[in-house]
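*Asks:* Build me a structure from this.
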Amino acid sequence: MNIGIVTGSVSGLAVLDVDPRHGGEASLRQLEEVHGGLAATAEAETGGGGRHLYLQLPPRLLRSRTGLAAGIDLRAEGGMVVAPPSVHPSGQLYRWRPRRSPSAQWLAPMPPWLLRLALEGPERQTHTLGHWRELVRTGVEEGTRNSSLASLAGYLFRHGLDAEVVLELLLSWNRVRCRPPLPDAEVASVVSSIARLHASRAE
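*Replies:* I've put the predicted structure just below:
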């Protein structure tokens, strides 16, 4: 029998559902680069190869959101997640990560940036044209490469460029302007993640 955990005000739980098959790990890395890493919290490995991060729900109504970023959903008010030791349709078990079960690890509070993202939706870029010109001319240092690539990809997609064109442009920009350059595969992962997010918003 599978176990379902209800999220929301009754349980005091929110769960960040990270699906690497749809770019969730890349999206989470980009968010943490910009806003800071998530604190250690209870965490489960899903039967489908993803992760469930259990967080304390803030004392306000917070509804579930799908498409918080590419491959990331938030289960809050009105939501439910499958919990260990349930069995996924693939036959794989849901498991608590070592030393990350609720009995071994406190639930971290939801950070303010994640709460803001859940309430307001994915941030829209409001930078000036001068900002983008400066970014492509001067490049970036280690620590802001992924987030800058994600921002540039979003800017290009919003202006109607094809995914293959965006990838080629950003591969070239990364090699010349990022210090040091990221591996091509990582640039491709960022572009793919932002392409999926852009497509989901368009729908």
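*Asks:* Of all the residues in stretch 77-88, which ones are buried?
*Replies:* Using 16 or more other Cβ atoms under 10 Å as the test for burial, stretch 77-88 gives 77, 79, 81-84, 86. Every residue, glycine included, has its C-beta placed from N, CA and C.
*Asks:* Quick one: residues in contact with that stretch.
*Replies:* With contact meaning Cβ atoms under 8 Å, 6 or more residues apart in numbering, stretch 77-88 is reached by 1-9, 15, 17, 44, 46-48, 52, 61-64, 75, 93-96, 101.
*Asks:* how about 6 Å then?
*Replies:* Identification of contacts with stretch 77-88 by Cβ atoms under 6 Å, 6 or more residues apart in numbering yields 2-8, 15, 44, 47-48, 52, 61-64, 75, 93-96.
*Asks:* And it, how far out from the chain middle?
*Replies:* Relative to the mean C-alpha coordinate of its chain, stretch 77-88 is positioned 19 Å out (Cα atoms, centre = their mean, to the nearest Å).
*Asks:* what does stretch 20-31 give?
*Replies:* Taking the mean C-alpha point of stretch 20-31 and that of its whole chain, the gap between them comes to 5 Å (Cα atoms, centre = their mean).
*Asks:* Run a quick neighbour tally on residue 169.
*Replies:* Residue 169 is flanked by 16 other residues according to other Cβ atoms under 10 Å.
*Asks:* low pLDDT regions in this structure?
*Replies:* Along the chain, segments meeting pLDDT under 70 span 1-2, 121-127, 200-203.
*Asks:* Show me the helices in it, by range?
*Replies:* Along the chain, the segments classed as helices by DSSP state H run 24-35, 112-120, 129-138, 145-158, 163-177, 184-202.
*Asks:* Just send the ones you listed back as TSV, with distance to residue 56 too.
*Replies:* Written out in TSV, the entries for the helices of the chain read as follows (distance: least, Cβ to Cβ, whole Å):
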stretch	distance to residue 56
helix 24-35	18
helix 112-120	11
helix 129-138	36
helix 145-158	26
helix 163-177	37
helix 184-202	27
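*Asks:* who wins for proximity to residue 57 among these?
*Replies:* Evaluated with Cβ to Cβ, the helices of the chain place helix 112-120 nearest to residue 57, the distance being 9.6 Å.
*Asks:* ok, residue 98 - contacts?
*Replies:* Contacts for residue 98 (Cβ under 6 Å, 6+ apart) come out as none.
*Asks:* can you give me phi and psi for it?
*Replies:* In terms of degrees, to the nearest 10, the main-chain angles of residue 98 are phi -50, psi 130.
*Asks:* gap between it and residue 45?
*Replies:* When distance is defined by Cβ to Cβ, to the nearest Å, residue 98 is 10 Å away from residue 45.
*Asks:* my guess is residue 14 contacts residue 55, does it?
*Replies:* Yes. Taking contact to mean Cβ atoms under 6 Å, the distance of 4.8 Å between residue 14 and residue 55 places them in contact.
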